[in-house]
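# I'll drop the sequence and a predicted model, then ask my questions.
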Amino acid sequence: MKKFTKFIGLLLMGVFIMSGCGAESEDVAKTGSSDESGKETKTELVWGTNAEFPPYEYKEGGKVVGIDAEIVDAIAKKLNMESRVEDMNFDSIVASVQSGKIDIGVAGMTAREDRAKMVNFTIPYTTATQSIIVKEGSPIKSSDDLKGKTVGVQLGTTGADYVSGEIEGVTVENYNKGSEAVIALTQDKIDAVVIDNEPAKKFVEANQGLVVLEKPLTEEEYAIAVAKENTELLEKINTALSELKESGELQKIIDRYITAE
Ligand code: ARG
């Protein structure tokens, strides 16, 4: 009997120590819940993307991988949530965040003013610029040479806006995927493609006879889109992102996909 009470005492002590054991168990209480068996079920973090944008998001054996996928996973881990991806057309992402079909949009998405009227953006996680892809030996050497030419872009992107807004007399061809624009270029259906710099490099690596004109055309920052009313999630993700920046984990993720020249 004496032994038994001692055992109970120890057990209770253990419970006390564990319940006071700080941030991690608190997070579980906030974001996790329990099913009937008492097993913990994690809340889902549904992220929408357009997995046609290497190295940020692309498919490998049916799975969406890339910088953004890893960033989402690192954030989800910090929030004790489980990530699930919804792949869609790029120009549907903002509306899907607004309607709640997805919790966040993570798609190499530039935090642009007009989009910020519809969704909130987190702090930026990287910078980017638009680049021009042409065929080797093309007379197009800079953005000035795009005048009067036919240029392929991905529908609804900052690249599409740049070309139609900044280049005189240009014919813009819209494609749902950057890769489709690149194929059209290899088939001489268009004269150039304007797309974000890192995807431009990946597309050129994957197709013979193309080059990137790397002179930066724009200054952009990528951030995560969150619904206007979901300010709690916005704050949590901002905290997670700052931690990932400070710890160097974010840079490590980027370095796995982009080798500095
Ligand atoms: N940065 C550009 C924009 O925000 C292009 C992003 C395209 N992303 C994608 N996953 N297809 O408009």
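Right, received. Where do you want to start? Numbers count the residues shown, from 1 in each chain.

# all contacts plus neighbour counts: C-alpha atoms, from now on.
Noted.

# check which residues of the helix or strand hosting Ala200 are buried.
Following DSSP states H and E, one finds Ala200 within helix 197-206. Buried residues in helix 197-206, counted by 16 or more other C-alpha atoms under 10 Å: 197-201, 203-204.

# now do that helix, average pLDDT.
Regarding helix 197-206, the rounded mean pLDDT is 98.

# from the chain's centroid, how far away is that helix?
Put simply, helix 197-206 sits 17 Å off its chain's centre (C-alpha atoms, centre = their mean, to the nearest Å).

# swap in stretch 80-100?
Offset of stretch 80-100 from its chain centre (C-alpha atoms, centre = their mean): 10 Å.

# for Lys59, pull up the helix or strand it's in.
Per DSSP H and E: Lys59 is located in strand 57-60.

# who does that strand pair up with?
Sheet pairing here is set by DSSP bridges, and for strand 57-60 it gives strand 52-53 (antiparallel), strand 63-65 (antiparallel).

# of all the ones you listed, which one comes closest to the ligand?
For the strands paired with strand 57-60, distance to the ligand was read as C-alpha to the nearest ligand atom. The smallest value, 4.8 Å, belongs to strand 52-53.

# hmm, who's touching the closest one?
With contact meaning C-alpha atoms under 8 Å, 6 or more residues apart in numbering, strand 52-53 is reached by 58-59, 107-108, 177-179, 199.

# out of these, who's near the ligand?
Among these, proximity to the ligand is found for 107-108 (C-alpha under 6 Å from any ligand atom).

# quick one, which of the contacts of strand 52-53 are buried?
Among the contacts of strand 52-53, the ones that count as buried by 16+ other C-alpha under 10 Å are 58, 107-108, 177-179, 199.

# enumerate the residues of the stretch 151-261 of the chain near the ligand.
Counting by C-alpha under 6 Å from any ligand atom, the stretch 151-261 of the chain sits next to the ligand at 157-158.

# which parts of the stretch 151-261 of the chain are strands?
Using DSSP state E, counting those that start in this stretch, the strands found in the stretch 151-261 of the chain span residues 171-175, 192-196, 210-213, 220-222, 225-227.

# the ones you listed: which one's closest to Glu70?
Closest of the strands of the stretch 151-261 of the chain to Glu70 is strand 220-222, at 14.7 Å (criterion: C-alpha to C-alpha).

# by contact count, what packs against that closest one?
Other elements packing on strand 220-222 under the criterion 3 or more C-alpha pairs under 8 Å, 6 or more residues apart in numbering; DSSP states H and E are strand 126-128.

# and the contacts of the strand it packs on?
Strand 126-128 is contacted from outside by 196-198, 218-223, using C-alpha under 8 Å, 6+ apart.

# hmm, try it at 7 Å
Here strand 126-128 makes contact (C-alpha atoms under 7 Å, 6 or more residues apart in numbering) with 196-197, 219-222.

# tell me the most packed of those, by neighbour count.
Comparing the contacts of strand 126-128 by number of neighbours (other C-alpha atoms under 10 Å), Asp196 comes first, having 26 neighbours.
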